[in-house]
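Participant: attaching a predicted model along with its sequence, questions to come.
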Amino acid sequence: MTKFIPDVHFPQSRPRRNRRDDFTRRLVRESAVSVDDFIYPVFIREGKNVREAVDSMPGVYRYSPDQLLAVAEECVKLGIPVLSLFPSIEPEKKCPQGLEAANPDGLVPRTVALLKKEFPELGVLTDVALDPYTSHGQDGIIDENGYVLNEPTVAVLCKQALTQAQAGVDIIAPSDMMDGRVAAIRNILDENHFIDARIMAYSAKYASAFYGPFRDAVGSAANLGQSDKASYQMDPANRLEAVREVAADIREGADMVMVKPGMPYLDIVREVKDAFGMPTFVYQVSGEYAMLKAAAQNGWLDHDKVMMESLLAFKRAGADGILTYFAIEAAKWMQANQ
Ligand SMILES: NCC(=O)CCC(=O)O
Ligand SMILES: [Mg+2]
């Protein structure tokens, strides 16, 4: 211990005292990341014995359903509570209406049923949106000018959600940003007695360029071409609008709400958590993952440190859980280091 007797009482407050030793740092720590916070997004495709790398997302693959079982088993072993499924659909199954989204024998319902049969204790979340299924790559049905039509889209989303519930999914996550879709989906689920199917609403989903690698992974980038999603996803400039969007989804019956992307939108996470106190989730999206991976691969950032710091920041901002492509790596890191 340094013996230093200052002759003036300056400074009166010494915040550094609590940072001096590991034990006090742990004692006063305000936030923590736990494996219980994770939802692991995975990409699936048809086939057998397929594990196909996604080039723009190092460490991320498209799995055929049989190969996904090994991933699910790893999640169970590590204690990751939920797996979320994103399909890469063959081009010949895409059409302007995205009808394959509501096919009860489609890739997603079959995979849900398989997972729930093999690993009933693992939560399964499915996305409700049409972008993996439309030949134009938009999340809904478009008119002759390319404008995404609200009500016709919601009608297909309801069928898609019901198909997923019938397959046994636990959490339904509408990511489309159509108005009124949470209420419509809640109604159709309840009418069909799926009263326990939970809805995690992508409530404040921004029209972000950070989704680029995801569109490679599900194969919608080429379909979308130069068009964007600004007429339904939120303007990155808006904060108060996010509060209104979340309020609407809660009124309509959302059990959990989400902000997306993550790191550039931490202020929104905090705002939403403070305003509603709802179970609040954040999506650390593909571009955030790709950017940390790329810098780490170049030796410019310490991979494990930035991974854990980025996840901790979500907890500090008020998130109850995080959808992250780092889920397995972070869970393993925590087992080895904590
Ligand atoms: N509806 C799911 C997504 O759009 C994910 C975006 C991403 O990870 O970039
Ligand atoms: Mg909305």
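Facilitator: Now that the structure is in, tell me what you want to look at. Ligands and ions are numbered 1, 2, ... in the order given.

Participant: give me the distance between the nearest residue to residue 264 once chain neighbours are set aside and residue 33.
Facilitator: Among residues not flanking residue 264 along the chain, residue 210 sits closest, at 7.0 Å (Cβ to Cβ, 6 or more residues apart in numbering). Using the backbone N, CA and C atoms, a C-beta is placed for each residue, glycine as well. Using Cβ to Cβ, to the nearest Å, residue 210 is found at 21 Å from residue 33.

Participant: same question, residue 25
Facilitator: 15 Å.

Participant: looking at these two, which has the bigger crowd around it?
Facilitator: residue 33 (25 against 11; other Cβ atoms under 10 Å).

Participant: what's near enough to touch residue 108?
Facilitator: 44, 85, 87, 126, 163, 164, 167 (Cβ atoms under 8 Å, 6 or more residues apart in numbering).

Participant: what helix or strand does it sit in?
Facilitator: Assigned by DSSP states H and E, residue 108 belongs to helix 107-118.

Participant: tell me which residues are up against the following helix or strand past that helix.
Facilitator: The C-terminal neighbour of helix 107-118 among helices and strands, as given by DSSP H and E, is strand 123-128. The contact list for strand 123-128 (Cβ under 8 Å, 6+ apart) reads 39, 81-86, 108, 112, 115-116, 157, 160-161, 164, 168-176, 181, 185, 200.

Participant: keep only those of those residues that are in strands.
Facilitator: Of the contacts of strand 123-128, the ones assigned to strands by DSSP state E are 39, 82, 83, 84, 85, 86, 171, 172, 173, 174, 200.

Participant: mind listing what the residue lying closest to residue 234 once chain neighbours are set aside touches?
Facilitator: The shortest distance from residue 234 to any non-neighbouring residue, by Cβ to Cβ, 6+ apart, is to residue 206 (4.7 Å). Residue 206 sits next to 233, 234, 235, 236, 260, 261, 265 when contact means Cβ under 8 Å, 6+ apart.

Participant: show me what the one helix or strand in the chain whose mean pLDDT sits lowest is in contact with.
Facilitator: One helix or strand of the chain scores below all others by mean pLDDT, DSSP states H and E: helix 221-224, with a mean of 86. Identification of contacts with helix 221-224 by Cβ under 8 Å, 6+ apart yields 94, 131, 134, 135, 136, 137, 138, 212, 215.

Participant: list the buried residues of that helix.
Facilitator: The neighbour-count check on helix 221-224 (16 or more other Cβ atoms under 10 Å) flags 221, 223, 224 as buried.

Participant: next: stretch 174-181.
Facilitator: 174, 175, 176, 177, 178, 181.

Participant: quick one: mean pLDDT over that stretch.
Facilitator: Averaging pLDDT along stretch 174-181 gives 98.

Participant: so which bits of the stretch 51-200 of the chain are right by ligand 1?
Facilitator: Along the stretch 51-200 of the chain, the residues adjacent to ligand 1 under the rule Cβ under 6 Å from any ligand atom are 127, 129, 175.

Participant: ok, residue 49 - contacts?
Facilitator: Taking Cβ under 8 Å, 6+ apart, one finds 64, 66, 67 in contact with residue 49.

Participant: now do the SS call for it.
Facilitator: Using DSSP: H, G, I helix; E, B strand; the rest coil, the secondary structure recorded for residue 49 is coil.

Participant: can you give me the helices for the chain?
Facilitator: 22-28, 65-78, 107-118, 150-167, 181-191, 212-218, 221-224, 240-251, 266-276, 286-297, 303-316, 327-337 (DSSP state H).

Participant: reformat those helices as a markdown table; add distance to residue 55.
Facilitator: Shown next, in a markdown table, are the helices of the chain (distance: least, Cβ to Cβ, whole Å):
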| stretch | distance to residue 55 |
| --- | --- |
| helix 22-28 | 40 |
| helix 65-78 | 18 |
| helix 107-118 | 21 |
| helix 150-167 | 28 |
| helix 181-191 | 32 |
| helix 212-218 | 7 |
| helix 221-224 | 12 |
| helix 240-251 | 32 |
| helix 266-276 | 28 |
| helix 286-297 | 10 |
| helix 303-316 | 18 |
| helix 327-337 | 18 |
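
Participant: which of those helices has the lowest average pLDDT?
Facilitator: Averaging pLDDT over each of the helices of the chain puts helix 221-224 lowest, since it has a mean of 86.

Participant: thanks a lot, see you next time.
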